[in-house]
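*Asks:* Could you work out the structure for the sequence below:
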Amino acid sequence: MQCDVCQQKEATVFLTQIVGGKMQKVNLCEACSKNKGVDDPTGFALADLLSGMGAAQEIEKNPASQRCPVCGFTQADFKKTGRLGCSTCYEVFAEGLEGMIRNMHKGPEHVGKAPVAYLRSRQIDQKIKTLQSSLQEAVAAEQYEKAADLRDQIRRIEAGLEA
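*Replies:* Now for the predicted structure:
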């Protein structure tokens, strides 16, 4: 069986972890297991490994000596704990975090559950922006009847008569 990380060497370390009722398996060669810290049980979590495959390279783009000026957290602290020290850490370590967050959450924006009222409000705002953009294009093209129709649609939406 091949190593899941390097895809080149024979896997000799087999990890299984159940997180939230879901079983996750990782097969690693000896070099990759040491590289990922599997030999240090205090600093290793399979979930971090699974979510961070390829993220370690992103994190290591920042200089190792980089330290948060507010809490004093370093990259080594983040790598070991999997957590940041304070809100300023997001700015200090931003360069490496974006790629890691993208890998962990399938994108940089939240697309999961949200309150229904918020989703409805966001949908209406997006529709108004689209209509305003079309209105500006219609005015620029001197299509005044179309522009008047778009203006009226925007007014109806803002008055709560149309969605």
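*Asks:* which residues of this protein fall in strands?
*Replies:* 13-19, 22-28 (DSSP state E).
*Asks:* Show me which residues of the lengthiest helix in the chain are buried.
*Replies:* In the chain, assigned by DSSP state H, the helix with the most residues is helix 116-140. Residues of helix 116-140 classed as buried: Leu131, Ser134, Leu135, Ala138 (neighbour count, 16 or more other CB atoms under 10 Å). Using the backbone N, CA and C atoms, a C-beta is placed for each residue, glycine as well.
*Asks:* Could you do stretch 141-150 as well?
*Replies:* Ala147, Leu150.
*Asks:* if we look at that stretch, which residues are touching it?
*Replies:* Residues lying outside stretch 141-150 but in contact with it, judged by CB atoms under 8 Å, 6 or more residues apart in numbering, are Leu131, Ser134, Leu135, Ala138, Val139.
*Asks:* Number of residues surrounding the residue nearest to Arg67 when sequence neighbours are not counted?
*Replies:* Residue nearest to Arg67 in three dimensions, not counting chain neighbours: Thr74, with 5.1 Å by CB to CB, 6 or more residues apart in numbering. By the criterion of other CB atoms under 10 Å, Thr74 has 19 neighbours.
*Asks:* And Thr74, how far from Gln66?
*Replies:* 7 Å (CB to CB, to the nearest Å).
*Asks:* And Gln7, by the same measure?
*Replies:* 30 Å.
*Asks:* who's more crowded, those two?
*Replies:* The neighbour comparison of Gln7 against Gln66 (other CB under 10 Å) goes to Gln66, with 13 against 9.
*Asks:* Tell me the bridge partners for the closest residue to Met23 other than its chain neighbours.
*Replies:* Leaving aside its chain neighbours, Met23 sits nearest to Thr16 (6.4 Å; criterion: CB to CB, 6+ apart). Beta bridges link Thr16 to Lys25, judged by DSSP bridges.
*Asks:* Wait, Thr16 touches Asn27, no?
*Replies:* No: with contact defined as CB atoms under 8 Å, Thr16 does not reach Asn27; the gap is 10.0 Å.
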